[in-house]
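Peer 1: predicted model and sequence follow; I will ask about them next.
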Amino acid sequence: NILDSNEWDTFMDSSTLQKVSDELNLTCVMQDETFVDVFQGIMGSQNITEDHHLYPVISKAPEIVSGYYSCGGRIVPVLEFA
């Protein structure tokens, strides 16, 4: 299990990961019209249509991620939760 490995612990403790987490803000990416179009295309290629039971959540992923970053959320806490 990768989450129980020394490599994972080293990754989680790295200053590079912390810097990326502190500085990365995906809000502008998630709100970009081109990105949203690509994301929707990927959903379609995976047969995630309006009839799919996960569609209501997956189709909102860009908005969810954007909101998470706008409210100060960062990647390290998400990885720690895993």
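Peer 2: In hand now; what should we look at?

Peer 1: tell me, what residue is most central in this structure?
Peer 2: What sits nearest the mean C-alpha location of the chain, by CA atoms, centre = their mean, is residue 65, with 6.1 Å.

Peer 1: looks like that residue contacts residue 24 (just checking).
Peer 2: No. Contact criterion CB atoms under 8 Å: residue 65 and residue 24 do not qualify, at 11.2 Å. For glycine as for every other residue, the C-beta is placed from the backbone atoms N, C-alpha and C.

Peer 1: re earlier: the residue nearest to the centre of the chain: what secondary structure?
Peer 2: The three-state label for residue 65, taken from DSSP: H, G, I helix; E, B strand; the rest coil, comes out as helix.

Peer 1: can you give me the helices for the chain?
Peer 2: Taking DSSP state H to define them, one finds helices in the chain at 6-12, 15-23, 27-31, 33-45, 55-58, 61-70, 75-81.

Peer 1: can you put the ones you listed in TSV and add mean pLDDT?
Peer 2: As requested, these are arranged in TSV below (pLDDT from 0 to 100):
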stretch	mean pLDDT
helix 6-12	92
helix 15-23	89
helix 27-31	83
helix 33-45	91
helix 55-58	92
helix 61-70	86
helix 75-81	78
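
Peer 1: how much space separates the nearest residue to residue 26 once chain neighbours are set aside from residue 18?
Peer 2: The shortest distance from residue 26 to any residue that is not its chain neighbour, by CB to CB, 6 or more residues apart in numbering, is 5.1 Å, and that residue is residue 69. Residue 69 sits 16 Å away from residue 18 when distances are taken as CB to CB, to the nearest Å.
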